[in-house]
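Enquirer: Quick one: sequence and predicted model below, then my questions.
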Amino acid sequence: MNLLKRTLLMAAAAVVTVPDTATAIGIEDLVDGGNNYPWQRVELPGTVCGNGSQYKFWVYDNPGSRDLLVLFEGGGACWDYPSCSGQEGILSAANRNGLPDDYITQFGTQFVSPLVNGADPGLPLRPKNPIVTNGWDVVYMPYCTGDTHVGNSEVTYTDPSGENPPLTWRHAGFTNTRAAMDYLADRFESIRRLLVTGFSAGGVASVALYYEVRRTLNPEKGYMLNDSGPAFPAPNATFNSRPLHETIRETWDLESLYAELPASFDPDDLGSITRMLATEFPNDQLAYTGYSSDFNFSRFSYERFYANQSEEEILARWREDQANLVDAMNATQNFSYHIPWQRPINDSHCTSIITFIGSHACPSIRKKRWFEIFEWPWSQSWKCPGTFTPLETFLDKWVDGDRRLRLIEPENGYNEEDPGMRIVGPLINDALSGL
């Protein structure tokens, strides 16, 4: 029996099970949303991946469009031998062996971003839905330098165990990005709307590189959406993200990036980039999205800098830093945010990948009252009266409506109890584990 039929039968019977591990499940089996664009691969002289191989990015030029999406891919980060060699597992850098020529057509890349594909994908019991970026030109910036696309250093890392030879790594993300943007400025000479976005490490790139990208491409209107790659305020050692920021500043040579930024940026506080962007581009729409229970990026931020941290302690640091970021965004006129609490997909990491299911934000969410317990679905003890905002609705209002929106969801168990999520979530996680 194919996976779609099996899933539909599961739903009809209201049975929630983990997929049979003997069944090979891929993203392509779950979602109807991957693109088949006639991509053009671009290779520029002097651009490299961490292992020294040629860096590549891909461009889809949709005839008649004057709207451009630039997406920076995510995938971990590294700043020492264990993380750059892959010994740290999930806390390592992606694509350590470089980028194959067919990278853009591989399933992980093809299906990862509804923003790239112009649609929230179809899932069993959920139709495919075009979103605001449908029909846009697209630039896909893969990630293979371990530096959230912002580094400019070549480092030789030594294996602490002495068992393996030294590893020379090129943190060339900033150089790659500058070369790519110069190329794109010549190719796209008249951009009406520019949306710079990215997820995870690519989210960091979207906010850290927006000033560079925006000035180089010079659109009529600019938008920046950072998905789950926050530049948390950390002006001194009392802030949770300060050890991480100090480590990457030195290892990746962030001075190259900082030298390009205006005086409204404080080089001693990476988090000041929120205020800087709002100041320099007051007519642009800027936004952050991410989960309050993100147990992926939070591990990068704290696990290797604070010993013996439990999941609860790591998430407590994350939420404290997130509150500081929200305060910083609230102090601006043009920063929006869409912050759901949790979804049981990918450890609550990234709201805009694979599917928007479970990425809604509901500031008014609460427990059902006694007289509401028989409202459908009966298994759901949570209710969102009046403020239920799916991510696609947020994007419509933010881009097409040119509106500032500020949505933060309090602690709740809505997604854990949602019948559709309890079916789809395990299937997507199983598929993601195979990427």
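Expert: Received it, and whenever you're ready, just let me know what you need.

Enquirer: switch to C-alpha atoms for all contacts and neighbour counts from now on
Expert: Noted.

Enquirer: tell me the SS of the residue of the chain most remote from its centre?
Expert: Taking C-alpha atoms, centre = their mean, the residue of the chain most remote from its mean C-alpha position is residue 371, at 39.7 Å. Counting by DSSP: H, G, I helix; E, B strand; the rest coil, the backbone at residue 371 sits in helix.

Enquirer: Pull up the gap between it and residue 363, please.
Expert: In this view, residue 371 and residue 363 are 22 Å apart by C-alpha to C-alpha, to the nearest Å.

Enquirer: again with residue 260
Expert: Shown here: residue 260 relative to residue 363, a distance of 38 Å by C-alpha to C-alpha.

Enquirer: Between these two, point out the one with more neighbours.
Expert: Counting neighbours by other C-alpha atoms under 10 Å for residue 260 and for residue 363 shows that residue 363 has the greater number, 21 against 11.

Enquirer: Distance of the residue lying closest to the more buried one once chain neighbours are set aside relative to residue 291?
Expert: Spatial nearest neighbour of residue 363, chain neighbours left out: residue 409 (4.4 Å); criterion: C-alpha to C-alpha, 6 or more residues apart in numbering. In this view, residue 409 and residue 291 are 9 Å apart by C-alpha to C-alpha.

Enquirer: more crowded one of the two?
Expert: Just comparing residue 409 and residue 291: by other C-alpha under 10 Å the higher neighbour count belongs to residue 291, 26 against 20.

Enquirer: Remind me which helix or strand the more buried one belongs to.
Expert: Using DSSP states H and E, residue 291 is not contained in any helix or strand.

Enquirer: quick one: it and residue 338, what's the gap?
Expert: Taking C-alpha to C-alpha, one finds residue 291 at 9 Å from residue 338.

Enquirer: swap in residue 49?
Expert: Separation of residue 49 from residue 338 (C-alpha to C-alpha): 33 Å.

Enquirer: Please apply the same query to residue 318.
Expert: Taken as C-alpha to C-alpha, the span from residue 318 to residue 338 is 16 Å.

Enquirer: how deep is the closest residue to residue 160 other than its chain neighbours tucked in, by neighbour count?
Expert: Of all residues not flanking residue 160 in the chain, residue 81 sits nearest, at 7.6 Å (C-alpha to C-alpha, 6+ apart). Here the number of neighbours of residue 81 (other C-alpha under 10 Å) works out to 22.

Enquirer: Tell me which residues touch residue 81, please.
Expert: By C-alpha atoms under 8 Å, 6 or more residues apart in numbering, residue 81 lies in contact with 157, 158, 159, 160, 167.

Enquirer: again, 7 Å this time
Expert: 157, 158, 159 (C-alpha atoms under 7 Å, 6 or more residues apart in numbering).

Enquirer: quick one: the second one and residue 167 touch, right?
Expert: Yes: using C-alpha atoms under 7 Å, residue 158 makes contact with residue 167 at a distance of 6.4 Å.

Enquirer: what's across from the spatially most central residue of the chain in the sheet?
Expert: The centroid of the chain falls nearest to residue 199 when counting by C-alpha atoms, centre = their mean (1.3 Å). Per DSSP bridges, the residues bridged to residue 199 are residue 227.

Enquirer: which residues touch it?
Expert: Contacts of residue 199 by C-alpha under 7 Å, 6+ apart are 73, 74, 226, 227, 228, 229, 350.

Enquirer: again, only using 8 Å
Expert: Going by C-alpha under 8 Å, 6+ apart, residue 199 touches 72, 73, 74, 226, 227, 228, 229, 350, 352, 353.

Enquirer: What are the phi and psi values at residue 58?
Expert: phi -130, psi 140 (degrees, to the nearest 10).

Enquirer: Could you find the closest non-adjacent residue to it?
Expert: Computed as C-alpha to C-alpha, 6+ apart, the closest residue to residue 58 that is not its neighbour in sequence is residue 41, at 4.6 Å.

Enquirer: do the same with residue 331
Expert: Excluding the flanking residues, the one nearest residue 331 by C-alpha to C-alpha, 6+ apart is residue 275, at 8.0 Å.

Enquirer: which secondary structure elements does the strand or helix carrying that neighbour contact?
Expert: Assigned by DSSP H and E, residue 275 belongs to helix 273-280. Under the contact criterion of 3 or more C-alpha pairs under 8 Å, 6 or more residues apart in numbering; DSSP states H and E, helix 273-280 touches helix 201-208, helix 311-330.

Enquirer: how much space between residue 34 and residue 399?
Expert: From residue 34 over to residue 399 the distance is 22 Å, taken as C-alpha to C-alpha.

Enquirer: and if you look at residue 253?
Expert: According to C-alpha to C-alpha, residue 253 stands 34 Å off from residue 399.

Enquirer: just residue 223 next, same as before
Expert: Distance from residue 223 to residue 399, by C-alpha to C-alpha: 8 Å.

Enquirer: List the residues that are in contact with both of these two.
Expert: Residues touching both residue 223 and residue 399 by C-alpha under 8 Å, 6+ apart: residue 285.

Enquirer: need the strands for the stretch 1-150 of the chain, in chain order.
Expert: Remark: strands assigned in the stretch 1-150 of the chain by DSSP state E, counting those that start in this stretch are 40-42, 57-60, 67-72, 119-120, 129-130, 137-141.

Enquirer: so which of the ones you listed comes closest to residue 210?
Expert: strand 67-72 (10.3 Å; C-alpha to C-alpha).

Enquirer: May I have the strands that pair with that closest one, each with its orientation?
Expert: strand 137-141 (parallel), strand 193-199 (parallel).

Enquirer: Throw these into JSON lines and include mean pLDDT, thanks.
Expert: Formatted as JSON lines, those follow (pLDDT from 0 to 100):
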{"stretch": "strand 137-141", "mean pLDDT": "98"}
{"stretch": "strand 193-199", "mean pLDDT": "98"}
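
Enquirer: just those: most buried one?
Expert: The highest mean neighbour count among those, using mean count of other C-alpha atoms under 10 Å, belongs to strand 193-199: a mean of 26.

Enquirer: Please put the alpha-carbon coordinates of that one into PDB.
Expert: Taking C-alpha atoms only, strand 193-199 is exported to PDB below (Å, rounded to 0.1, in the frame of the first residue of the first chain):
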ATOM      1  CA  ARG A 193       9.900  43.900  -4.400                       C
ATOM      2  CA  LEU A 194      12.900  42.000  -2.800                       C
ATOM      3  CA  LEU A 195      12.300  39.500  -0.100                       C
ATOM      4  CA  VAL A 196      15.500  38.300   1.700                       C
ATOM      5  CA  THR A 197      14.900  35.300   3.800                       C
ATOM      6  CA  GLY A 198      16.500  32.100   5.200                       C
ATOM      7  CA  PHE A 199      15.900  29.400   7.800                       C
END
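
Enquirer: From the chain's centroid, how far away is that strand?
Expert: 11 Å (C-alpha atoms, centre = their mean, to the nearest Å).

Enquirer: between it and helix 201-208, how big is the angle?
Expert: Going by axes from the mean of the first three to the mean of the last three C-alpha atoms, to 10 degrees, strand 193-199 is angled at 140 degrees with respect to helix 201-208.
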